[in-house]
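>>> turn this into a model:
(chains A and B)
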Protein chains: 2
Amino acid sequence: MEQQIHMEYAATKKEKPNAADLQFGRVFTDHMFIMDYTEGKGWYDPRIIPYQPLSLDPAAIVFHYGQTVFEGLKAYVTKEGEARLFRPEKNMERLNRSNDRMCIPRLDETFALSAIKKLVGVDKDWIPTAPGTSLYIRPFVISTEPYLGVAPSKQYQFIVILSPVGAYYKEGINPVKIAVENEFVRAVKGGTGEAKTAGNYASSLKAQELVADKGYAQVLWLDGLEKKYIEEVGSMNVFFKIDGEVVTPALNGSILKGVTRNSVIKLLKHWGIPVTERRISMEEIHQAHLAGKLEEAFGAGTAAVISPIGELAWNENQMIVNDGVTGKIAKQLYDTLTGIQYGTEEDIFDWIVEVK
Amino acid sequence: MEQQIHMEYAATKKEKPNAADLQFGRVFTDHMFIMDYTEGKGWYDPRIIPYQPLSLDPAAIVFHYGQTVFEGLKAYVTKEGEARLFRPEKNMERLNRSNDRMCIPRLDETFALSAIKKLVGVDKDWIPTAPGTSLYIRPFVISTEPYLGVAPSKQYQFIVILSPVGAYYKEGINPVKIAVENEFVRAVKGGTGEAKTAGNYASSLKAQELVADKGYAQVLWLDGLEKKYIEEVGSMNVFFKIDGEVVTPALNGSILKGVTRNSVIKLLKHWGIPVTERRISMEEIHQAHLAGKLEEAFGAGTAAVISPIGELAWNENQMIVNDGVTGKIAKQLYDTLTGIQYGTEEDIFDWIVEVK
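Next comes the predicted model:
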């Protein structure tokens, strides 16, 4: 099953951005990985080629019916110049779970990861070295069959692109203001909320736009059924510390199974801090706040790692969390996770995969 | 605001398929319409060009976050060789409603329709003439900005492609078997169900695949909240005739506002047949069936026009509707709608728009 990856080097190299100018997902490296799928033939022709436009029939299914999945992970470089990934096998597992939900053929996870490692190796000098910077890796699958019938595509492409990204917090980790969303729904049980697929993100744009106009950084999504229970925040999982215990919504089919979420839970358990996955209502959070027991709130995801929540707006209630400053647990999680990622903390869980 | 459409004719013409070989959405005509959008500049450079692949950056937002909308309508040719559209202004209205929901800039509806008419005129000899055949028109907007942040794109393309399609029913209008979906959810209030956007279709693939394996043509979707109330069938709206009255689910925010649905309601009212838009539970349908009062069931949409339902499976209940044959109302609606479309029935509602 292991296939040979054909290599075509870029004739000219692009200029790399200055560390200070790095944003998120705007600049791409010199190369990309691509592989085709045709029904009956399977996945074939894996190749690393110069970064270039895709040429697709205007009737390609992805444009019309959004049959597509993606992943997001990062490559980091240590002080010693060693490139490494953080739990990439979890992303490959999730990619295949998303594929299952979206009727897309599975990928060989080991091979897909080896392709990512090879690509990162080829563009290794694109991994920025300034503190907090990294190389964002975006693997994705698109449905390419030119057919307007509503049916799973018989042709796909698996593509990996790389983007050097700046520190999420330009001035260090800082709390954000979050608005609880009461009108729009991101996902519902029986839908595609657990899959990392395009439609979930498209449907979030409107709510995000409306709260941004009011000065909030992100939306906190409630369940689609009763609009009572907390699901996730923006494109991150969410945690609360209430009276000494950390709680996070249980995976219920409409919440993304975050790799950072899982890492946070493992670290908290390792530290002996009580952590529970369960259903959490906004009313419970509000009551805890009124009782002075809502000690911390933070999001967890690949982009920001840990994103403290300093203010939570729910209907007419403005809840200031931990005096609007980063909490102790959030800071400890951020420092430990980024420490493991950049190689300044011991990798006690064997989470790091080196790129040769 | 009226812009000049630049015209580039195809150097060579493709061979047209035989009427007998026509399927749905597999073959495309010689030309396509395309127009660009950039924030600050608006929609610009409308052009009709030879049908050709799109060249897009692999980071284009449409591949990752599915910010896209589409429409579907048809061009018909009369015995006299006159090309015509059916209520196309309704599709343009809905396209802009979908744009609003998906944070895509609005199109000038009059101009978009004039572009469609011009394109259909250019490829008029592609409109098939055999009974039941037509030229399917697919206008769509894709987000093209190369950016991996979850935010509305600042660049788009509005594209129209055309596909000659065969008769939906090869041997005349015939009832289909439909399975009521209890596990998967298409859309929920607060989501994107009312918009014609990619994610709604992507999320329907799995349920459709599972019922197809059991011999059913389509899924009947229930509401995402209680899974009790009927929403739509496959990619059509749905109607039931119970004890002399025709009922259809009211537009509630998660149901597509179908053009054929609206036309069916107008025709029924014109004929003096009672028709009501309201909430309908599956339990009510089942009770009507047990009482011998479920007289007809049918879907309504652009592709099939009217699709009679001969069998409805709900949990352990197999309901045979109207002895599994096409009902009188369904037949009358089908004949009248297609009659108006092909010019053999009087266009009493002024629904037809001629293509010069």
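>>> and the gap between A:Q67 and A:A313?
Relative to A:A313, A:Q67 is positioned 36 Å away (C-beta to C-beta, to the nearest Å). For every residue, glycine as well, the C-beta is placed using N, CA and C.
>>> between these two, which is the more surrounded one?
A:Q67 (31 against 17; other C-beta atoms under 10 Å in any protein chain shown).
>>> would you list every one of the helices in chain A?
Under the criterion DSSP state H, chain A contains helices at A:61-65, A:88-101, A:109-122, A:198-202, A:205-213, A:259-270, A:282-290, A:328-342.
>>> could I get these as JSON lines with distance to B:L85 and mean neighbour count?
Formatted as JSON lines, the helices of chain A follow (distance: least, C-beta to C-beta, whole Å; neighbours: other C-beta atoms under 10 Å in any protein chain shown):
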{"stretch": "helix A:61-65", "distance to B:L85": "20", "mean neighbour count": "29"}
{"stretch": "helix A:88-101", "distance to B:L85": "37", "mean neighbour count": "20"}
{"stretch": "helix A:109-122", "distance to B:L85": "46", "mean neighbour count": "20"}
{"stretch": "helix A:198-202", "distance to B:L85": "28", "mean neighbour count": "28"}
{"stretch": "helix A:205-213", "distance to B:L85": "30", "mean neighbour count": "18"}
{"stretch": "helix A:259-270", "distance to B:L85": "50", "mean neighbour count": "19"}
{"stretch": "helix A:282-290", "distance to B:L85": "48", "mean neighbour count": "17"}
{"stretch": "helix A:328-342", "distance to B:L85": "57", "mean neighbour count": "19"}
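>>> wait, which of the ones you listed is closest to B:E181?
Nearest of those to B:E181, taken as C-beta to C-beta: helix A:88-101 at 14.9 Å.
>>> mind giving me the packing neighbours of that closest one?
Contact here means 3 or more C-beta pairs under 8 Å, 6 or more residues apart in numbering or on different chains; DSSP states H and E; on that basis helix A:88-101 packs against strand A:68-70, helix A:109-122, strand A:134-143, helix A:259-270.
>>> one more time with 6 Å
helix A:109-122 (3 or more C-beta pairs under 6 Å, 6 or more residues apart in numbering or on different chains; DSSP states H and E).
>>> which parts of the stretch 151-300 of chain A sit against chain B?
Applying C-beta under 6 Å from any C-beta of the partner chain, we find that the stretch 151-300 of chain A lies next to chain B at A:152, A:159, A:161, A:183-185, A:188, A:190-192, A:198-199, A:201-203, A:205-206, A:209, A:224-225, A:235.
>>> run through the stretch 1-150 of chain A and note the low-pLDDT ranges.
Residue ranges of the stretch 1-150 of chain A with pLDDT under 70: A:1-2.
>>> which residues of it lie near chain B?
A:24-26, A:53-58, A:63-67, A:70, A:103, A:142, A:147-150.
>>> out of these, which end up buried?
Neighbour counting over those (16 or more other C-beta atoms under 10 Å in any protein chain shown) leaves A:24-26, A:54, A:56-58, A:63-67, A:70, A:103, A:142, A:147-148, A:150 as the buried ones.
>>> distance of A:V238 from A:A330?
12 Å.
>>> how about A:P17?
29 Å.
>>> retrieve the pLDDT associated with whichever residue of chain A sits closest to chain B.
Closest approach between chain A and chain B, counting by C-beta to the nearest C-beta: A:G199, at 1.9 Å. pLDDT for A:G199: 95.
>>> look up the closest residue to it, ignoring the ones flanking it.
Leaving aside its sequence neighbours, A:G199 sits nearest to B:G199 (C-beta to C-beta, 6 or more residues apart in numbering or on different chains; 1.9 Å).
>>> residue at max distance from the center of chain A?
No residue in chain A sits farther from the centre than A:A291, which is 33.5 Å out by C-alpha atoms, centre = their mean.
>>> residue contacts, that one?
By C-beta atoms under 6 Å, 6 or more residues apart in numbering or on different chains, the contact set of A:A291 is empty.
>>> do you know how far A:C103 is from B:H64?
Taking C-beta to C-beta, one finds A:C103 at 19 Å from B:H64.
>>> cool, A:K79 as well?
Relative to B:H64, and taking C-beta to C-beta, A:K79 is found at 32 Å.
>>> cool, and A:G172?
A:G172 is 29 Å from B:H64, by C-beta to C-beta.
>>> list the buried residues for stretch A:213-226?
Under 16+ other C-beta under 10 Å, the buried positions of stretch A:213-226 are A:216-225.
>>> of these, which pair is most distant in space?
Among those, A:A217 and A:L225 lie farthest apart (C-beta to C-beta), at 26.0 Å.
>>> surely A:V264 and A:A300 touch.
Yes - A:V264 lies in contact with A:A300 (C-beta atoms under 6 Å); the separation is 5.0 Å.
>>> next, the contact list for the residue nearest to A:G199, please.
Here B:G199 is in contact with A:66, A:199, A:202, B:66 (C-beta under 6 Å, 6+ apart).
>>> tabulate these in a markdown table, adding columns for distance to A:T326.
What follows is these, written out as a markdown table (distance: C-beta to C-beta, whole Å):
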| residue | distance to A:T326 |
| --- | --- |
| A:G66 | 37 |
| A:G199 | 33 |
| A:A202 | 32 |
| B:G66 | 34 |
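>>> and these, which two are the farthest apart?
A:G66 and A:A202, at 7.4 Å, using C-beta to C-beta across these.
>>> quick check: neighbours shared by these two?
B:66, B:199.
>>> on the pLDDT front, check A:S235 for me.
Confidence score, pLDDT, at A:S235: 84.
>>> what's it sitting at in phi/psi?
Per-residue torsions, A:S235: phi -110, psi 40 (degrees, to the nearest 10).
>>> what's the burial count for it?
25.
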